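1. Using only what follows, build the 3D model:
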Amino acid sequence: MPIYEYQCEQCGAVLEALQKISEKPLNKCTQCSGKLHKLISQSAFHLKGSGWYVTDYAGKSKNSDSNSNKDDSTSTSSASSGESKSADPPKTSSDA
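-> Alright, predicted model coming up:
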């Protein structure tokens, strides 16, 4: 059952009511007997699991940027280690 919010036009009090969709809306304030009108509230549910934008697509651009940075650092470190190996003279069969 949904929770509906009502506000009194006379005293400004905000009331919550747990009602079925088929029930008639409240029309009288419990505090001052003024006229109530229904408020539009923000929903309070969160979509979990796969198949939703938040879980599947929202972070892709950030993750792909960080992955490309990791790849760049790996290629840089392998290139620098390759340079140190090329600084040593090559071994020949006569050196052994």
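2. doesn't residue 16 fall inside a strand?
-> Yes. Assessed with DSSP: H, G, I helix; E, B strand; the rest coil, residue 16 lies in a strand.
3. how near is it to residue 27?
-> Distance of residue 16 to residue 27, given as Cβ to Cβ, to the nearest Å: 15 Å. C-beta here means a position set from N, CA and C on the backbone, and glycine is covered the same way.
4. do the same with residue 52
-> On the measure of Cβ to Cβ, residue 52 and residue 27 end up 38 Å apart.
5. Residue 4 against residue 21, yeah?
-> No. Taking contacts as Cβ atoms under 8 Å, residue 4 lies outside contact range of residue 21: 9.5 Å.
6. between the two, which one's more packed in?
-> Neighbour tally, residue 4 and residue 21, criterion other Cβ atoms under 10 Å: the higher count belongs to residue 4, 18 against 7.
7. Residue 40 versus that one, what's the distance?
-> From residue 4 over to residue 40 the distance is 10 Å, taken as Cβ to Cβ.
8. what does residue 14 give?
-> Residue 14 is 13 Å from residue 40, by Cβ to Cβ.
9. Looking at the two now, which is surrounded by more residues?
-> A side-by-side neighbour count of residue 14 and residue 40, using other Cβ under 10 Å, places residue 14 first with 10 against 5.
10. Please spell out which residues along stretch 16-26 are buried.
-> By neighbour count on 16 or more other Cβ atoms under 10 Å, the buried set for stretch 16-26 is residue 17.
11. Phi and psi next, for residue 32.
-> The phi and psi values for residue 32, taken as degrees, to the nearest 10, are phi -130, psi 0.
12. What count of nearby residues applies to it?
-> 13.
13. For it, which non-adjacent residue is spatially closest?
-> Leaving aside its sequence neighbours, residue 32 sits nearest to residue 11 (Cβ to Cβ, 6 or more residues apart in numbering; 4.4 Å).
14. quick one: the helices in this protein?
-> Under the criterion DSSP state H, the chain contains helices at 53-56, 60-87.
15. Out of those, point me to the one whose mean pLDDT is lowest.
-> Lowest mean pLDDT within the helices of the chain: helix 60-87, at a mean of 51.
16. In contact with the residue lying closest to residue 21 once chain neighbours are set aside, which residues?
-> Excluding the flanking residues, the one nearest residue 21 by Cβ to Cβ, 6+ apart is residue 2, at 6.8 Å. Contact partners of residue 2, counting by Cβ atoms under 8 Å, 6 or more residues apart in numbering, are 18, 19, 21.
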